[in-house]
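Participant: I need the structure of the sequence given here:
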Amino acid sequence: MKKDNSNIRIVDIAKLAGVSTGTVDRVLHNRGRVSEEKRIKVEAILKEINYEPNLVARFLASKRSYKFAVIAPTYSEGDYWELVCDGINRAGDEMRKFNISVEYFHFNQYDRFSFLKAADKFKEKDFDGVLLATLFGELVVNLSKELDEKDIPYIYIDSDIQKQKDLAYFGGDSLGSGNIAAKLLLKEIGLDADIFIAHVRFKYKEISVQMKTREQGFMKCLSQSDYKGKIHHVEIDPDNHPAGLEKLEDILSQSDTLVGGIVLNSRIYELIALLEKAKPALRERVRLVGHDAIERNIRALKNGQISFILSQRPELQGYDAIKALANYFLFKQEPEKTNFMPIDILIKENVDYYNNYKL
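Facilitator: Alright, predicted model coming up:
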């Protein structure tokens, strides 16, 4: 007699096969990379329980639909947030057959008032779930409390905010990322060299939750590593290079050894553009660590202008977050509270392999 699998969940199949839920999802949908060993395990369990999913027909017949809101920054071509939204869009396309739709509410990531306007527009409509970028911590917490009162599930992306009632977080371990960045930089310059932390800003002097947390991890590592050099903070205004350049050249001229530099968001390419204007003798002593494998940063890595790039797979966090929200409504699957993306360390010798990775 055929076993009743109507109540079998992906998480149950994963436990039986001894693999992750993501692996089961990829096998079921024939998507992404799965090792042959894990594929065999999953397929064996599917055969054993006579798993014959007919969920698409079931949900189409029910005519139940779900609307998700995504509150995320605007972006230009090649930006970090374009990659995040690419992952969101791909998941949304896959979930469309389940009557799931996604609507964006974009804001300027350097302007908290823009976030408030996006949130107000979001509140004018009804949504079943929300995907929320956490750049403005205090404002995100306030909006989260409103969602709690309305019993609307929400998922955080980009950076986590502790002690909230979010359904889940998908993104990098910002504290860990800062720690790794410091270790890599110290390997390059030693414990006695000076370090500068460059904050790249536009019109509004905002520092995101992610940047603050990365800096905490960076400074903690230095304090635990017997670091003896000086730490400088440099504000870079892309519209006013002379001021930032004067500060950088002053820092570099004070040292006869290597000097380390770091940018805590994806915009290290702005620092590269500034350093190009510095005196060659000073510029050659700089060793840099950046974040996020966007095209402009990759070019600088290949040119030897950046030593390391740390990447947290932005497409994957957007994709997984939407899929988790969908699974919560469709299959009553509650995701893990914290879902860290891998922290990939990229150098010019391996970046092409990473860049070729697709969801």
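Participant: switch to C-alpha atoms for all contacts and neighbour counts from now on
Facilitator: Will do.
Participant: helix or strand right after the worst-scoring helix or strand of the chain on mean pLDDT?
Facilitator: Lowest mean confidence among the helices and strands of the chain (mean pLDDT, DSSP states H and E): helix 55-62, at a mean of 56. Moving toward the C-terminus from helix 55-62, the next helix or strand (DSSP states H and E) is strand 66-73.
Participant: which residues sit against the helix or strand just after that next one?
Facilitator: Downstream of strand 66-73, the first helix or strand assigned by DSSP H and E is helix 80-95. Identification of contacts with helix 80-95 by Cα atoms under 8 Å, 6 or more residues apart in numbering yields 73-76, 100-102, 266, 292-294, 314-323, 326.
Participant: same deal with stretch 321-335?
Facilitator: 9, 11, 88, 91-92, 95, 100, 129, 131, 154-155, 157, 167-170.
Participant: So for that stretch, mean pLDDT?
Facilitator: Averaged across stretch 321-335, pLDDT comes to 91.
Participant: Just the buried residues of it, please?
Facilitator: 321, 322, 323, 324, 325, 326, 327, 328, 329, 330, 335 (16 or more other Cα atoms under 10 Å).
Participant: and which of the residues you listed is nearest residue 140?
Facilitator: Using Cα to Cα, residue 321 comes nearest to residue 140 of the buried residues of stretch 321-335, at 17.0 Å.
Participant: Might you calculate how far stretch 313-330 sits from the centre of the chain?
Facilitator: Remark: stretch 313-330 is offset 12 Å from the chain centroid, using Cα atoms, centre = their mean, to the nearest Å.
Participant: list the buried ones in stretch 163-175?
Facilitator: So, applying 16+ other Cα under 10 Å, buried residues of stretch 163-175: 165, 166, 167, 168, 169, 170, 171, 172, 173, 174, 175.
Participant: can you put those in TSV and add pLDDT and secondary structure?
Facilitator: Below are the buried residues of stretch 163-175 laid out as TSV (pLDDT from 0 to 100; DSSP: H, G, I helix; E, B strand; the rest coil):
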residue	pLDDT	secondary structure
165	97	coil
166	97	coil
167	97	coil
168	97	strand
169	97	strand
170	97	strand
171	94	strand
172	92	coil
173	95	coil
174	94	helix
175	95	helix
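Participant: Can you classify the residue lying closest to residue 241 once chain neighbours are set aside by secondary structure?
Facilitator: Spatial nearest neighbour of residue 241, excluding adjacent residues (Cα to Cα, 6 or more residues apart in numbering): residue 274 at 6.5 Å. Secondary structure, DSSP: H, G, I helix; E, B strand; the rest coil: residue 274 is helix.
Participant: Now for residue 274, how many residues are close by?
Facilitator: Residue 274 has 19 neighbouring residues, counting by other Cα atoms under 10 Å.
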